[in-house]
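Peer 1: Sequence unavailable; structure follows:
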């Protein structure tokens, strides 16, 4: 071995020795003042190394030390890792250190808690969470973890270099060393001015080292573009093997080809299921109607469970097994639906998509971006997008967690990028129609009609699902700003289509709806709105304001003036127009009836931090109008 390599190896062994020692003993007093500013916790040291032994295995070693300054940072002291068929926790130790640098508690592997990833019937026993909840008698305190994980059965990606991931957490020092065989082609994508690696060669290995020190905490700001604020480097090999399935992730097209391999031979169905599909579609000539009938059969005969079987959770269980058992995960149910459509000669595409991120890295194919599978059925004029895991969503509706998202479509002989359709903000509506009868004692009787469309429809659909009578009443009461309401005469009407709606009808009785002072009583101008107070807070702004979802609301409130009372105080009403949206309210009196109307539209968008005061002013103006009171005098 050459002298240069011996020196480098010695350096690596010293750097990643499992017994890291700090001269200051992690004294809290030694933390620089600039790292304490606006911080709930300070990462004192984050030293990680990943050594790949071959295409199937590697060793990941971590030393992680964090000082928790106050109660707000307590959760950052916990240890957590995830184990499955590809990773295993081999060793672990920890210690809790007080502010003076004295160890007050040792933590061993026996102190860890392990739970199955899911209690569902089909979950793989190898998939589990291992964690430790860390508490100390006083703040500040420091916790130190050292552990080693074995990677096995194939390496799809390497742990990323992501030394800081949270607001109000600062970093003193971090480093990450990746050692891989020279013949492995490393691909990496750096975000948010993450550092470039130092590169070197040791014998037959390539070595990459990332270092980041003295990262000051970022104070939390609502609607900040958090994905863009913390440095991270994603890492993955181009070539990989899982069991007998080898692939190349250098392009998304190659990833699609690998997915095609995983689907081969897994579309066989029992004859009983084939006969059922033919029976359902017998005499139906329209393909869209056939797809609808088969999809509704899927919804009625299967249910979703978390399954991590097959090739690392990437390969669906055979359609035949889903037909027999009636359960499957997103992969299995989408593959099953695809197989049933094949019975009636309707082609479809297996779609890999993310429910968390709208955009894929088109220049960096990797396994970590897609976390869900749906099905797409091409039609002559459009396509049908099927969420196969839900028994509740209507046929053809593209729900809010996938609408407008990038996806990779995989067919029998091709794969391609696509982006799902999305709904316009004006189509995602919520509206309320409330009729109020108020008596002289301040008791109100209400007739309430609530309408929700698209994404707002989802909130009601899933919110009401599976509730008992008390839970149902509590849910409905939560839709109104009313103290101790009594709910009765509830019914709902669901319009199931590609543009679904939910209508709720119910009555409310509230004994102390009005606040009374002598001969006067006051009621809220709109019992369905809580105002916009707190939507944006603070006196300064550092980061852009990212409103990913807008809103469109409209209300009509009819109020019968109590006998022997007259209207004394009208709430302020008006119209507010800005680039961020519009608000309009009005109130008119007709005899003993008052009619209040309001509409609000908030536009999604990204706005620079220097517009913070203008945006906050817009919402504060709306809040003043929505929080108005109506006053009556006897």
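Peer 2: Thanks, I have the structure now. No experiment lies behind these values; they were computed from the predicted model shown.
Peer 1: so where is the stretch 1-150 of the chain shaky, pLDDT-wise?
Peer 2: When residues are selected by pLDDT under 70, those of the stretch 1-150 of the chain lie in 1-23, 117-126.
Peer 1: ok, which stretches of it are strands?
Peer 2: Per DSSP state E, counting those that start in this stretch, the stretch 1-150 of the chain carries strands over the ranges 41-52, 58-68, 79-83, 87-98, 103-108, 113-116, 128-132, 141-151.
Peer 1: Just list whatever residues bridge to the residue lying closest to residue 62 once chain neighbours are set aside.
Peer 2: Closest residue to residue 62 apart from its sequence neighbours, by CB to CB, 6 or more residues apart in numbering: residue 48 at 4.9 Å. Placement of C-beta: from N, CA and C, glycine included. Judged by DSSP bridges, the bridge partners of residue 48 are residue 62, residue 176.
Peer 1: ok, back up a step: now for the strands of the stretch 1-150 of the chain, which one comes closest to residue 194?
Peer 2: Taking CB to CB as the criterion, residue 194 comes closest to strand 41-52 out of these, the separation being 13.9 Å.
Peer 1: Pull out the buried positions in the closest one.
Peer 2: Of the residues in strand 41-52, those with enough neighbours to count as buried (16 or more other CB atoms under 10 Å) are 41-52.
Peer 1: Mind putting those residues into a markdown table with distance to residue 156?
Peer 2: Conversion of those to a markdown table gives the following (distance: CB to CB, whole Å):
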| residue | distance to residue 156 |
| --- | --- |
| 41 | 31 |
| 42 | 33 |
| 43 | 27 |
| 44 | 31 |
| 45 | 28 |
| 46 | 23 |
| 47 | 24 |
| 48 | 18 |
| 49 | 19 |
| 50 | 13 |
| 51 | 17 |
| 52 | 12 |
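Peer 1: from those, which is closest to residue 477?
Peer 2: Relative to residue 477, the closest of these is residue 41; by CB to CB it sits at 38.5 Å.
Peer 1: partner residues bridging the closest one?
Peer 2: Beta-bridge partners of residue 41, counted by DSSP bridges, are residue 68, residue 169.
Peer 1: if I read this right, it contacts residue 172, doesn't it?
Peer 2: No. Counting by CB atoms under 8 Å, residue 41 stays clear of residue 172, with 11.1 Å between them.
Peer 1: Tell me which of the strands of the stretch 1-150 of the chain lies nearest to residue 379.
Peer 2: Judged by CB to CB, the one of the strands of the stretch 1-150 of the chain that comes nearest to residue 379 is strand 79-83, at 39.9 Å.
Peer 1: Would you quantify the distance from the spatially closest residue to residue 83 that is not a sequence neighbour to residue 114?
Peer 2: What sits nearest to residue 83 in space, not counting adjacent residues and going by CB to CB, 6+ apart, is residue 128, at 5.2 Å. For residue 128, the distance to residue 114 equals 5 Å [CB to CB, to the nearest Å].
Peer 1: So between those two, which is more surrounded?
Peer 2: More neighbours sit around residue 128 than around the other of residue 128 and residue 114, counting by other CB atoms under 10 Å; the figures are 18 against 11.
Peer 1: got a list of what the more buried one touches?
Peer 2: 82-84, 114-117 (CB atoms under 8 Å, 6 or more residues apart in numbering).
Peer 1: Most widely separated two among those residues?
Peer 2: Using CB to CB, the contacts of residue 128 span at most 13.4 Å, a distance reached by 84 and 115.
Peer 1: who has more neighbours, the two?
Peer 2: When residue 84 and residue 115 are compared on other CB under 10 Å, the one with more neighbours turns out to be residue 84, at 16 against 10.
Peer 1: beta partners of that one?
Peer 2: Going by DSSP bridges, residue 84 is paired in beta bridges with residue 87.
Peer 1: That one reaches residue 130, doesn't it?
Peer 2: No. Distance between residue 84 and residue 130: 11.3 Å, which falls outside the contact criterion (CB under 8 Å).
Peer 1: Where does pLDDT dip in the chain?
Peer 2: Across the chain, the ranges flagged by pLDDT under 70 are 1-23, 117-126, 308-310, 312.
Peer 1: Per the annotation, how does it divide into domains?
Peer 2: Under the assignment named as automatic domain parsing, the residue ranges that make up the domains of the chain are 3-237, 246-419, 426-633.
Peer 1: how long is the second one from one end to the other?
Peer 2: Chord length of domain 246-419, first to last residue, is 27 Å (CA to CA, to the nearest Å).
Peer 1: How far does it sit from its chain's centre?
Peer 2: Here domain 246-419 shows a centroid-to-chain-centroid distance of 21 Å under the convention CA atoms, centre = their mean, to the nearest Å.
Peer 1: which of the residues in stretch 517-526 are buried?
Peer 2: Neighbour-count burial for stretch 517-526 flags 521, 523-526 (criterion: 16+ other CB under 10 Å).
Peer 1: cool, and stretch 166-173?
Peer 2: Taking 16+ other CB under 10 Å as the basis for neighbour counts, the residues of stretch 166-173 that come out buried are 166-173.
Peer 1: Stretch 591-607 too?
Peer 2: Of the residues in stretch 591-607, those scored as buried under the neighbour-count criterion (16+ other CB under 10 Å) are 594, 596-603, 607.
Peer 1: do the same with stretch 492-511
Peer 2: Under the neighbour-count criterion of 16+ other CB under 10 Å, stretch 492-511 has 496, 500-504, 506, 508, 510 buried.
Peer 1: Could you work out the end-to-end span of that stretch for me?
Peer 2: According to CA to CA, stretch 492-511 extends 25 Å from its N-terminal end residue to its C-terminal end residue.
Peer 1: any residues touching it, and which ones?
Peer 2: Residues lying outside stretch 492-511 but in contact with it, judged by CB under 8 Å, 6+ apart, are 393-398, 423, 427, 441-454, 457, 460-461, 464, 476, 479-480, 482-491.
Peer 1: Please spell out the ChimeraX selection for the buried subset of those.
Peer 2: When burial is assessed using 16+ other CB under 10 Å, the buried subset of these is captured in ChimeraX by this command:
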select :393,394,395,396,397,398,423,442,444,445,446,448,450,451,452,453,454,457,460,461,464,476,479,480,482,485,487
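Peer 1: Quick one: closest of the strands of the stretch 1-150 of the chain to residue 365.
Peer 2: Comparing the strands of the stretch 1-150 of the chain against residue 365 with CB to CB, the closest turns out to be strand 41-52 (19.1 Å).
Peer 1: now the closest one and strand 87-98, what's the angle there?
Peer 2: 150 degrees (axes from the mean of the first three to the mean of the last three CA atoms, to 10 degrees).
Peer 1: tell me the contacts of residue 199?
Peer 2: Contacts for residue 199 (CB under 8 Å, 6+ apart) come out as 206-209.
Peer 1: hang on, the earlier thing: next step: the contacts of stretch 492-511 restricted to helices.
Peer 2: Residues of those located in helices (DSSP state H): 457, 460-461, 464, 476.
Peer 1: Can you add distance to residue 314 and give those residues back as TSV?
Peer 2: As requested, those are arranged in TSV below (distance: CB to CB, whole Å):
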residue	distance to residue 314
457	32
460	34
461	30
464	35
476	42
